[in-house]
Each structure stands twice: as C-alpha cells, then as structure tokens.
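Engineer: The following comprises the amino acid sequence and a computationally predicted model.
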Amino acid sequence: MPLAGHNTYSLEENVCCVRYYDMKGITMENIRLVDIREFILSDNQNDAEKIRDLLAEKKIFLINLMSSPGSGKTSLIIQTVRQLKSKFKFGIIEGDIESTVDAEKVASEGVQAVQITTGGMCHLDASMISIGLEKLDLSTLDIVIIENIGNLVCPAEFDLGENLKVMILSVPEGDDKILKYPMMFSVCDVLIINKADYLPDDGFDMEFLIKKVKNLNPNIEIMMTSCRTGAGIEAWAEWLASRVVEYKSKR
Ligand SMILES: Nc1nc2c(ncn2[C@@H]2O[C@H](COP(=O)(O)OP(=O)(O)OP(=O)(O)O)[C@@H](O)[C@H]2O)c(=O)[nH]1
Ligand SMILES: [Mg+2]
C-alpha cells in the first residue's frame, strides 16, 4: 500500500489539520523498521542512574534547566548564584550548540563552569553530563545547574540524573506553548514564568496558562520572575534552598 501523500482531519470545528508525510513510492514491503529510540533512551537511563548515585554520595543537588532559546536560562542561573552563593557552592554545566558565551558569563560570577558544545545536537544526554561532571571539582560543590540547549522538545525526553527539572517560559513566547509542547510541561517539577516585567500583556492569559499546566501536571510548582527587575528571584531562591537543604539532610 503506497504511503505517499497526506491525510486531513478535523481538530475542532472550523480547524482543519493536515498531517503531511512524504514517502513517495515507498511501500510497506520494502521498509525495514529499526526503532533505535528505545535503545538510546535505555542507555541514557543507565548513565543517568550512575550520575544520581554519584551525586547522592557527594550530597550534590543537580538541576536540569530547560526552555526555548532566549527565555532567560543564563540570566536565572546568574541571579540564583548571586542570591545563594553565601550558602552553597555552585558548579554550572552549560549546553549549547556552539560557543562558550554562556560559560564565560556564569564563570564571571566566580563559579566553576563547563561548556559542552554539541555541534548540532539539540539536547544534552546523560553521557555528556558525566563528561561535564568530570571537569568539575565535585568535592567542593553543593549544587550543579545544567543549562540545557534552548529547545522545548528533545530535552524533555532525556533523564540527566537530575533532582529537579525546571523549565522557564517567558511571557513574550506566549501562553499557548502548553498546547504545542505539552511533554516539556508534563515532565517538569517547576515552571518559572520569566520576563514578568512584560506583564500585564493583553496577549498573555495567565489564568488560562496556569489552569492548563495544572491539568496536565497537578504537582508542578509555578513561580513568576523577572531577571530584569529581580521580582520573584528571592522567593525562587528561598524555595530552592529549602529543597537543597532537605535533600542534603537525607543523604
Ligand atoms: N525584559 C526581560 N529580559 C530578560 C529577562 N530575563 C532575561 N532577559 C533577557 O533576555 C535575553 C536572553 O536571556 P538569556 O538569559 O541569555 O536567555 P537563555 O535562555 O540563556 O538563552 P539561550 O542560552 O540562548 O537559549 C537577554 O537579553 C536577557 O537580558 C527578564 O526577566 N525580563
Ligand atoms: Mg543561555
């Protein structure tokens, strides 16, 4: 049976969705399907468990920070470090496709920083984090923050051995990202709505967003910040500090 073409279906009244697939001339008889996704994810899971064990032994709290490009990941790391550096020692693993720009910014705050450049891959995986951790002096650290590649899709799938998955959504991105990238919202422990200095914004319906997020992920913590004005940063830092203290006391 030829698979070429597209199919059309109705999503809601008045909305027609076209799902396009371009496999001209290919038939089921000449396709051999090799699903490597499961292998990749189970390998990753093994690496992630090793990281979790290693860091538990050293009482280091690991945060995986994710968002679209430009939502404020590096800015939030800098603000968090400034708020908490008298209490905790930080190490930062920066993930980017190219450049050392973000590692240079966070290192200028006086923290250990490692830049991982993936050269094109759109997410970090646990094997990359293991390499990054080798470059940090773990004996001196309390918290490691991973700044994942700016992307709301692939990073959601990869366990990095973290204790906390945090995502940032910035106000200018719009309130509809929950509809387009539900997986990211469903796997995270914390949602930070950043660039709150853009509020009020007629195009951003906070009530709608929070209702949708809570329906999808009832246990998620939602906080609002502005890395520009500093609003909400203290509350976030205090909340994080209490989580870290609790984690360390149980190890
Ligand atoms: N108005 C406003 N601008 C912000 C805020 N937070 C960050 N920015 C600005 O947004 C831009 C991107 O911030 P970054 O912290 O570099 O964002 P990022 O998520 O690390 O970006 P990538 O690493 O490129 O994905 C910078 O110009 C910041 O100064 C905020 O709360 N309000
Ligand atoms: Mg950044």
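Structural biologist: Arrived safely, thanks for sending. Numbers count the residues shown, from 1 in each chain. Ligands and ions are numbered 1, 2, ... in the order given.

Engineer: tell me the pLDDT at the spatially closest residue to Gly70 that is not a sequence neighbour?
Structural biologist: Among residues not flanking Gly70 along the chain, Gly150 sits closest, at 6.7 Å (CB to CB, 6 or more residues apart in numbering). Every C-beta, even on glycine, is put in place using the N, C-alpha and C of the backbone. The per-residue pLDDT reported for Gly150 equals 98.

Engineer: Show me the helices in the stretch 101-250 of the chain, by range?
Structural biologist: Along the stretch 101-250 of the chain, the segments classed as helices by DSSP state H, counting those that start in this stretch run 101-107, 126-134, 177-180, 182-187, 206-216, 233-250.

Engineer: Count the neighbours of the closest residue to ligand 1 within the stretch 1-150 of the chain for me.
Structural biologist: The stretch 1-150 of the chain approaches ligand 1 most closely through Gly150 (2.9 Å), counting by CB to the nearest ligand atom. Gly150 has 19 neighbours, counted by other CB atoms under 10 Å.

Engineer: which bits of the stretch 51-200 of the chain sit near ligand 2?
Structural biologist: Lys73, Thr74, Asp102 (CB under 5 Å from the ion).

Engineer: quick one, what contacts the first one?
Structural biologist: With contact set as CB atoms under 8 Å, 6 or more residues apart in numbering, Lys73 has these partners: Leu65, Met66, Ser67, Asp102, Glu147, Asn148, Gly150, Ile168.

Engineer: name the element the residue of the stretch 1-150 of the chain found nearest ligand 2 belongs to?
Structural biologist: Among the residues of the stretch 1-150 of the chain, Thr74 lies nearest to ligand 2; the distance is 3.4 Å by CB to the ion. Using DSSP states H and E, Thr74 falls within helix 73-84.

Engineer: Now that helix: average pLDDT?
Structural biologist: On average, the pLDDT along helix 73-84 is 98.

Engineer: Tell me what angle it forms with helix 233-250.
Structural biologist: Interaxial angle of helix 73-84 relative to helix 233-250 (axes from the mean of the first three to the mean of the last three CA atoms, to 10 degrees): 70 degrees.

Engineer: Quick check, pLDDT for Arg32.
Structural biologist: The model reports Arg32 with a pLDDT of 74.

Engineer: How is it classified with respect to secondary structure?
Structural biologist: Using DSSP: H, G, I helix; E, B strand; the rest coil, the structure places Arg32 in coil.

Engineer: Quick one: residues contacting Phe204.
Structural biologist: Contacts of Phe204 (CB under 8 Å, 6+ apart): Val171, Gly174, Asp175, Tyr198.

Engineer: Identify the residue spatially nearest to whichever residue of the stretch 151-251 of the chain sits closest to ligand 2, adjacent ones excluded.
Structural biologist: Going by CB to the ion, ligand 2 is nearest to Ile168 of the stretch 151-251 of the chain, at 10.2 Å. Spatial nearest neighbour of Ile168, excluding adjacent residues (CB to CB, 6+ apart): Ser67 at 3.8 Å.

Engineer: close enough to count as contact, Gly151 and Cys122?
Structural biologist: Just to correct that, residue 151 is Asn rather than Gly. Yes: using CB atoms under 8 Å, Asn151 is in contact with Cys122, at 4.9 Å.

Engineer: Turn the helices of the stretch 101-250 of the chain into TSV, including mean neighbour count.
Structural biologist: Output for the helices of the stretch 101-250 of the chain, formatted as TSV (neighbours: other CB atoms under 10 Å):
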stretch	mean neighbour count
helix 101-107	17
helix 126-134	18
helix 177-180	16
helix 182-187	18
helix 206-216	15
helix 233-250	15
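
Engineer: Tabulate these in TSV, adding columns for distance to ligand 1 and mean pLDDT.
Structural biologist: Shown next, in TSV, are those (distance: least, CB to the nearest ligand atom, whole Å; pLDDT from 0 to 100):
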stretch	distance to ligand 1	mean pLDDT
helix 101-107	5	96
helix 126-134	16	96
helix 177-180	14	97
helix 182-187	14	98
helix 206-216	15	98
helix 233-250	9	97
